[in-house]
Structure formats: C-alpha cells, structure tokens
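>>> for reference, the sequence and a predicted model appear below.
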Amino acid sequence: MLRRHILRLAGAAALALGALPAPAQERPAPFDRPDQVTIALVRYLSTGDFFQAYLAGVEAQAAALGVNLRVFDSRQDAALQADMVDQAIALGVDGIIIQHGLTESMREAARRAVEAGIKVVAFDVDVEHPAIPQIEQSDYLLGKLALEQAIRDNGNSFVAGYVYVPGIAPLDRRHRAWEEVKAANPGIREAAVFGTLDNPIANSIANQARAVLQAHPDITVFFAPYDEFAKGVKIAVDEAGLSGDIRIYSADISTADIAAMREPGSPWAATVATNPAVVGEVSVRALALLLAGEDPGHNVIVPPTLITQKFLNDNDIRNMEDLSAKMPQFAHADVAMAPWMPLPPR
C-alpha cells in the first residue's frame, strides 16, 4: 500500500514538473515492447455521448501506451457481452476492460478470463471477483451531490419523479443515495419511478415521462441520474410546456448536455459528472498497472464534480473543452498512474 502511494505521488510530481515518462525500453515488461500487447474493451452500453467520450479516452490512453486495442460492442445484449469476453479470451489478449453490464451475466465470463491468465478490470459493473479492480466514478457521490443541489434549489419538501433501472451497478449505487436522501428528508415524496434502457434511450424515457407528467401534475423535481435519462425527461417537460415549473437533476455530462442545460429556460438545473474520457484513460491505466505487476487497488475511484446550469452560463461554457479549461479538476484525474506511464497529449 505504501509503495503504491509513493509511486502515485512520484508520478504526479513528475508530470507536474513537466518530466517525460520513461522511454519504452525503460518501462516494465510488457510495456518495453508495447506493440506486442493487446487489450480488449468489451462494452455493454455504447449509446450516448458519455460512452463515445469514454471510448475516446480508452483509445487515447491505449495509443499513448502503444498497445493494440480491440473493441467489442454488445449493444446491451447481456448474453452477447459474455460471449464477447470468451471471444477475447480465444484471441489471446493480454488484458480486458469490461465496461458496464449485468453482474449475473458477467460474473462467470470474468472468472473465465482470470483463470485463462488474462488481467481484467471492470468499469461500472461488479463482477464479484477479488482479482478484478473496479473502476468507479463514485456513483454514490454522483447521486448524493446532485440531490444535495436539488435540496438547495427546492428545499427539502417537494414531489419527485425518479428514473431508475435496477440491476445496473452504477444506477444501483446512485439509487442508494436517493433512498438515503428520501429517508433523511420525509418531505420529499416520490410520486413515480420509471425507466428503461431500450434504444434510443432518451426517446424511450421521453415516452414514459409524458405519461408520468399526465398522471402526476404535481411533480416539480425529477432525479434522472444518467444523462440519457435526463435528456428524455427534458423532452417531455419541454413538450408539456412545464420548463418553468420543473427542475431536472442528473449525472454525467457531454457537449450536447451542456447545450441542453444552457437553452433559455431549460429545466435541467444541475448534473454531477466525471469526464468520461478521463474515466476511459483511467480504465486503461489501471489495466496497464496490473499487466506490469503493480497494484492499482481494488476500487479505483475517479472523483466527480458538481456542474450547475448557473456555472455553465456564468462562465459561458459551450463544450467539454471549455468545461475542462474552467474546471481543472474535471480535466484530469491523478488516479492509476505510475512514473513510467505515458499519458495522452492534452
């Protein structure tokens, strides 16, 4: 533990001083010959700007390391995702990143990969294996920070609609924050719970939200802790002409989300997010540490940031690049780093 902490501090200090990472021949095996290393990204969710940015981060960090990357996209087919892990095993990849998915379908697939001698990390899916680090956005904190902002804006007594799909690890962790906040604030009344991951997610959620608004016209707050959920709720709220009466609180962020939050009179009041590209980079770096025989820790947590509509407007933030420039803690995470490890160009 102490050695890992020292390595992280040294890596951060070297980067802060502008030092270059070690040349390939001075890096630990197998990164002294990175062109001989192949890693796989096996995806469950891929729809939406968050997942495009996450993939871009994975690609950028893999390119910086000089390794080969194979991407498998199951498009929310749990059985296919498990099959794709087996395909990656059969290809003889050195490492696998499992991105989202269902515990019951990925548990055995992940175990088979480990037993085949392949290093594995998992982002936002609990595969219940002690040898597999869990990459997290601190999903509980994402939910908690968003809800704390909702209480600051609306007081602790309001009628809420809640978008939730159980069985998805990050949503389940955000759900824990919702249950705790409700218990601590009995004036918050949950009028409706709904949700789906059917593609296109935002449009499917909008269809459900229309019905919820008709059935529960007293709702003034929506907790939609995934940006595709928030987009769908916003569509329905805007169509109903209720943008001035309802506020939406979410998780995750993208350039399209920023534009939606900044629309005149937008009901989307706040979101809590990590930079999805940074999370993608961290996922690859955690896997690289495993491959190099180092320990990234079992829980690799990327800290989230509260982003309000007011902050976006006050700072005239139009895209993710603006957000990173005005909010430095959003642009980079000193997580899963080592002095020898090259980072993507900024």
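Looks like it arrived, so ask away.
>>> need the contact partners of stretch 117-129.
44, 54, 88-89, 93-103, 106-107, 110-111, 113-114, 131-137, 139, 168-170, 279, 283, 286-287, 290-291, 296, 300 (Cβ atoms under 8 Å, 6 or more residues apart in numbering). C-beta coordinates here come from the backbone N, C-alpha and C atoms, glycine included.
>>> now restrict those residues to buried residues only.
When the contacts of stretch 117-129 are checked for burial by 16 or more other Cβ atoms under 10 Å, the buried set is 44, 54, 88-89, 93-103, 106-107, 110-111, 113-114, 132-137, 139, 168-170, 279, 283, 286-287, 290-291, 296, 300.
>>> the helices in the stretch 101-250 of the chain, which residues?
Along the stretch 101-250 of the chain, counting by DSSP state H, counting those that start in this stretch, helices occupy 103-115, 139-154, 169-184, 201-215, 227-239.
>>> can you name every helix or strand that the third one contacts?
Packed against helix 169-184 by the contact rule (3 or more Cβ pairs under 8 Å, 6 or more residues apart in numbering; DSSP states H and E) you find helix 139-154, strand 188-194.
>>> do that again at 6 Å, thanks
helix 139-154 (3 or more Cβ pairs under 6 Å, 6 or more residues apart in numbering; DSSP states H and E).
>>> what comes up buried for the helix it packs on?
For helix 139-154, burial by neighbour count (16+ other Cβ under 10 Å) applies to 139-151, 153-154.
>>> and the furthest pair within those?
When the buried residues of helix 139-154 are compared pair by pair using Cβ to Cβ, the two farthest from each other are D139 and N154, 22.5 Å apart.
>>> could you list the low-confidence segments of the stretch 101-250 of the chain?
Applying pLDDT under 70 to the stretch 101-250 of the chain flags no residue at all.
>>> S74 reaches L80, doesn't it?
Yes. Judged on Cβ atoms under 6 Å, S74 makes contact with L80 at a distance of 4.2 Å.
>>> looking at the two, which one has more neighbours?
Using other Cβ atoms under 10 Å as the criterion, S74 and L80 rank with S74 on top: 22 against 16.
>>> identify the residues contacting the nearest residue to that one once chain neighbours are set aside.
Leaving aside its chain neighbours, S74 sits nearest to Q81 (3.7 Å; criterion: Cβ to Cβ, 6 or more residues apart in numbering). By Cβ atoms under 6 Å, 6 or more residues apart in numbering, the residues touching Q81 are Y44, S74, G101.
>>> which one of those residues sits closest to A211?
Of all the contacts of Q81, Y44 has the smallest distance to A211: 27.1 Å, by Cβ to Cβ.
>>> what sits closest to F72 if chain neighbours are left out?
Excluding the flanking residues, the one nearest F72 by Cβ to Cβ, 6+ apart is M84, at 3.9 Å.
>>> in three-state terms, label that neighbour for me.
Following DSSP: H, G, I helix; E, B strand; the rest coil, we place M84 in the helix state.
>>> do R70 as well
Assigned by three-state DSSP, the conformation of R70 is strand.
>>> that one pairs with what?
The residues listed as beta-bridge partners of R70 by DSSP bridges are A40.
>>> now what about stretch 39-49, what contacts it?
By Cβ under 6 Å, 6+ apart, the list of residues contacting stretch 39-49 reads 51, 58, 67, 69-74, 81, 84-85, 88, 93, 95-101, 199, 201, 228, 254, 256.
>>> rewinding a little: tell me which residues touch the residue nearest to F72, please.
Residues in contact with M84 (Cβ under 6 Å, 6+ apart) are V42, F72, S74.
>>> closest one of those residues to A215?
Nearest to A215 among these: S74, at 34.2 Å, using Cβ to Cβ.
>>> in contact with L69, which residues?
Contacts were defined as Cβ under 6 Å, 6+ apart; by that measure L69 touches I39, A62.
>>> tell me the confidence at it?
The model reports L69 with a pLDDT of 98.
>>> relative to P34, how far out is it?
Distance of L69 to P34, computed by Cβ to Cβ, to the nearest Å: 11 Å.
>>> can you give me the strands for this protein?
Ranges of strands in the chain, per DSSP state E, are 38-43, 68-73, 95-99, 119-123, 134-136, 158-163, 188-194, 221-224, 247-251, 268-273, 299-301, 305-308.
>>> since that was my last question, I'll sign off now.
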